[in-house]
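Peer 1: could you look at this predicted model? Sequence included:
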Amino acid sequence: MLMFSYLMATGITTGAFYALVALGIVIVYKATEVVNLAHGELFMVGGMLAYTCYVMEGLPYVPSLLLAVAGAFLVGILTERVAYRSVLKHGLASVLVATIGVSFILKGIARYIWGGKGDYLSFPPLVSPEPLQFGNIMIMAQQLVVLLAAVVVMAGLALFFKRTRAGKWMQATASNPKAALLCGLRIDRIYMYTFAVGAAVAGAAGVLMAPLTLLYPDVGFVLFIKGLAAAVLGGITSVPGAVVGGLLLGVIEQLAAGYVHSSIQDVVPFLVIMFALTFLPTGLFGVRGLRKI
Amino acid sequence: MPVQALVGHRSFLTLLFGTLLVLPAVANQYTLFVGNLMLLYIILALGLNILVGFAGQLAFANAAIYGIGAYGTALLQVHLGWSFWAAAPVGAVLAMVIGTLLAFPALRLSGIFLALATLAFAQATQWVLWHWQSVTFGAGGFRTPSPNFSWFAIKQDYGIYFVSWVVTVALFLFTWRIMRSRIGRAFVAMRDGEIAAQSLGIDLLAYKAMAFALSSFYAGVAGALYSGLLGYMSPEGFDLFQMIIQKAMIVVGGLGSVVGSVLGAALLVYIMEFMREFKSTQEIVFGVLLVGFMVFQPNGLVVFMKRWLPGWEEPMHLAEPPQAMSKSDVAEDTTAGDKAVVERT
């Protein structure tokens, strides 16, 4: 029982990471029906920018976080403007190929600037690295910070989509681009901001998780796959679904690692993606019949 | 034949394959290796173009299938002591069988969801190569025996090269013929509209399975040859970057163009060899090529060839999109929106 509760606790805290990554994927998918395969690299860029500000330049934490998020936002705008917008008219599949091209460009640039040969940059944790004791279970304080941040980001996004005009524009564009266009929305620009908001969420996730994941140019793709599995499990169009999917994925991974074999942990997300797409295409929270597959 | 027809795809192909045929006579060991790599990538690009360019199935599993072919061939030799000549066909067929199974999710999924599912499959394959250490030897890789050419009156170094050349030319001619046959036309019909194709009597399952089978057979053959060429096997060669290289080849050459696959593969192997030492430069250059062609010329270099060279014919290649009509783009987008609405209600 102790092992089970330990695995559950670790699963939920790691699941919070995945949820945070999944949130960004879901935002972009909801508005544009494209999965941004460069999402992991935006995450990595956010972490690297924060590393530059916080560790190399010695800025305080909060300005570093904000700068990194702003940087990721700008990269999001830039990639949409340069690569995705002109490809969109050739169809969504072309945009997907363009995003994977962008992901390699970003990875190459990061390797050039922050790379080195197999260097792992370690990012000091925001809070004391001592593990906290809850009953018999030990949890890293930074994991709780990530969990909290995931909740904050989710609440913020929910408010953004419900309460702000920009959020409503995005939802309108997502549900019917033609009607949105006829209402006078500039859907090009809304797509651009959607990619940028997704990138900013990725950047924030990158900064928050950097102390736990370490930073290296290839870090993004691994977490992207996990976030994607979480998003697909949650139905890929649902913000709460992304969070539940993330937590569920974290728990499944930990249970598989604890009761089957520790190396199984890494293969769980791939199996979840393949299984969910083939047998559960609307996910747990997706609306049936909404997605064109 | 009119004189101007001499400047076309036939002379390009004759020149390229002719040069590659006489290369062993003049080249050193390294150039020969690059030439051999070029032949393998031509096979890979032909196979991937059948699946992505002709049949319109956006799959990301080709690098993994290539790896399965290579590992299958190498491991049969290492573990069971088979000769290369027995292991290579079995490795290629193994890759083909596994690749064909991917056609079943492809029936339910299309567009980007097929891409994501095959991406997950590719990463799962990577995981198996890394972690099933008792069979695949894990991350460190292993040495593979070099094929025996004693029965063949030729120097050992040139053996695998000539085998690759013969196989590449044979597969090229096969692709050229088959893409102009009923099968190729069925693929194109499926790509341009699944429902329309179905109503013309095209069995989607059969033709999707055939597209996956053909493309993974090509990848498996290339993998088998690769294991004979390199003599060393490690999982890194079959990762996502490998997929990007192959994808860039067919996008640069021309989606849905047989000669374009050859052109793209030959060109990009050449470029790749300039940057062999620098992974970051390779990633940036291949990413930029991929995105740049998607943005500026999504139908690839073949479009320019057709425009400038009078004898260049590619009947099955995608038509050029109408020139810069932003109004119609909006109209297209919005009709897509309409369709979505209809399907949702």
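Peer 2: Structure's in. What do you need? Numbers count the residues shown, from 1 in each chain, chains lettered A, B, ... in the order given.

Peer 1: can you give me the helices for the stretch 101-250 of chain B?
Peer 2: B:103-108, B:111-131, B:133-136, B:156-178, B:182-192, B:194-199, B:204-230, B:240-253 (DSSP state H, counting those that start in this stretch).

Peer 1: chain A versus the closest residue in space to residue B:212 that isn't next to it in sequence, what's the distance?
Peer 2: Spatial nearest neighbour of residue B:212, excluding adjacent residues (C-beta to C-beta, 6 or more residues apart in numbering or on different chains): residue B:103 at 4.1 Å. In this view, the C-beta of every residue, glycine as well, is placed from N, C-alpha and C. Here residue B:103 is placed at a distance of 12 Å from chain A (C-beta to the nearest C-beta, to the nearest Å).

Peer 1: list the contacts of residue B:103.
Peer 2: Shown in contact with residue B:103 (C-beta atoms under 8 Å, 6 or more residues apart in numbering or on different chains): B:205, B:208, B:209, B:211, B:212, B:213.

Peer 1: tell me which two in these are the farthest apart.
Peer 2: Spanning the widest gap among these are B:205 and B:213, at 12.0 Å by C-beta to C-beta.

Peer 1: which one's more surrounded, these two?
Peer 2: residue B:213 (19 against 11; other C-beta atoms under 10 Å in any protein chain shown).

Peer 1: let me see the confidence value for that one.
Peer 2: With respect to pLDDT, residue B:213 has a value of 94.

Peer 1: just give the nearest non-adjacent residue to it, would you?
Peer 2: residue B:100 (4.3 Å).

Peer 1: which element is the one you found on?
Peer 2: If you go by DSSP states H and E, residue B:100 is part of helix B:84-101.

Peer 1: distance of the residue lying closest to residue B:232 once chain neighbours are set aside from chain A?
Peer 2: Closest residue to residue B:232 apart from its sequence neighbours, by C-beta to C-beta, 6+ apart: residue B:143 at 5.5 Å. Here the distance between residue B:143 and chain A works out to 23 Å (C-beta to the nearest C-beta).

Peer 1: give me the number of neighbouring residues for residue B:143.
Peer 2: 12.

Peer 1: surely it and residue B:231 touch.
Peer 2: Yes - counting by C-beta atoms under 8 Å, residue B:231 is a contact partner of residue B:143 at 6.2 Å.

Peer 1: chain A contacts on the stretch 51-200 of chain B?
Peer 2: Contact residues (C-beta under 8 Å from any C-beta of the partner chain) of the stretch 51-200 of chain B with chain A: B:58, B:105, B:108-113, B:115-117, B:119-121, B:123-124, B:127, B:131.

Peer 1: which of those residues count as buried?
Peer 2: B:58, B:105, B:109-113, B:115-117, B:119-121, B:123-124, B:127, B:131 (16 or more other C-beta atoms under 10 Å in any protein chain shown).

Peer 1: next, count neighbours for the residue lying closest to residue B:95 once chain neighbours are set aside.
Peer 2: Excluding the flanking residues, the one nearest residue B:95 by C-beta to C-beta, 6+ apart is residue B:220, at 2.8 Å. Neighbourhood size, residue B:220 [other C-beta under 10 Å]: 32.

Peer 1: same check, this time on residue A:201
Peer 2: As a burial measure, residue A:201 scores 31 neighbours (other C-beta under 10 Å).

Peer 1: what's the answer for residue A:64, then?
Peer 2: 20.

Peer 1: lowest-confidence helix or strand of chain B?
Peer 2: helix B:326-344 (a mean of 41; mean pLDDT, DSSP states H and E).

Peer 1: between the helices of the stretch 101-250 of chain B, which gets nearest to residue A:47?
Peer 2: Taking C-beta to C-beta, helix B:240-253 is the member of the helices of the stretch 101-250 of chain B nearest to residue A:47, at 19.8 Å.

Peer 1: elements contacting that closest one?
Peer 2: Contact partners of helix B:240-253 among helices and strands, from 3 or more C-beta pairs under 8 Å, 6 or more residues apart in numbering or on different chains; DSSP states H and E: helix A:92-110, helix B:29-48, helix B:62-80, helix B:111-131, helix B:258-274, helix B:279-296.

Peer 1: could the ones you listed be laid out in JSON lines, adding distance to residue A:172 and mean pLDDT?
Peer 2: As requested, these are arranged in JSON lines below (distance: least, C-beta to C-beta, whole Å; pLDDT from 0 to 100):
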{"stretch": "helix A:92-110", "distance to residue A:172": "19", "mean pLDDT": "89"}
{"stretch": "helix B:29-48", "distance to residue A:172": "39", "mean pLDDT": "91"}
{"stretch": "helix B:62-80", "distance to residue A:172": "39", "mean pLDDT": "91"}
{"stretch": "helix B:111-131", "distance to residue A:172": "22", "mean pLDDT": "87"}
{"stretch": "helix B:258-274", "distance to residue A:172": "41", "mean pLDDT": "90"}
{"stretch": "helix B:279-296", "distance to residue A:172": "27", "mean pLDDT": "88"}
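
Peer 1: next, format these as a markdown table and append distance to residue A:6.
Peer 2: Listed next are the helices and strands packed on helix B:240-253 as a markdown table, based on distance: least, C-beta to C-beta, whole Å:
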| stretch | distance to residue A:6 |
| --- | --- |
| helix A:92-110 | 35 |
| helix B:29-48 | 46 |
| helix B:62-80 | 35 |
| helix B:111-131 | 24 |
| helix B:258-274 | 48 |
| helix B:279-296 | 39 |
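
Peer 1: of those helices, which approaches residue B:314 most closely?
Peer 2: helix B:258-274 (6.3 Å).

Peer 1: what is the burial count for residue A:68?
Peer 2: 26.

Peer 1: the one 3 residues further on now?
Peer 2: By other C-beta under 10 Å, the residues close to residue A:71 number 21.

Peer 1: ok, for it, nearest residue in space, not its chain neighbours?
Peer 2: The shortest distance from residue A:71 to any non-neighbouring residue, by C-beta to C-beta, 6+ apart, is to residue A:49 (4.4 Å).

Peer 1: need the contact list for that neighbour.
Peer 2: Counting by C-beta under 8 Å, 6+ apart, residue A:49 touches A:67, A:68, A:71, A:72, A:203.

Peer 1: now for the host helix or strand of the third one, which elements pack on it?
Peer 2: It refers to residue A:71. According to DSSP H and E, residue A:71 maps onto helix A:61-79. If you count contacts as 3+ C-beta pairs under 8 Å, 6+ apart, helix A:61-79 packs onto helix A:39-51, helix A:92-110, helix A:187-213.

Peer 1: any idea which of the ones you listed is most buried?
Peer 2: helix A:39-51 (a mean of 29; mean count of other C-beta atoms under 10 Å in any protein chain shown).

Peer 1: then that helix to CSV, C-alphas only?
Peer 2: Taking Å, rounded to 0.1, in the frame of the first residue of the first chain, the C-alpha atoms of helix A:39-51 are listed here in CSV:
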residue,chain,number,x,y,z
HIS,A,39,6.1,22.6,-29.2
GLY,A,40,8.8,20.7,-27.4
GLU,A,41,11.5,22.9,-28.9
LEU,A,42,9.6,26.0,-27.8
PHE,A,43,9.6,24.5,-24.3
MET,A,44,13.3,24.0,-24.6
VAL,A,45,13.9,27.5,-25.9
GLY,A,46,11.9,28.9,-22.9
GLY,A,47,14.1,26.9,-20.5
MET,A,48,17.3,28.0,-22.2
LEU,A,49,16.3,31.7,-22.2
ALA,A,50,15.6,31.5,-18.5
TYR,A,51,18.9,29.8,-18.0
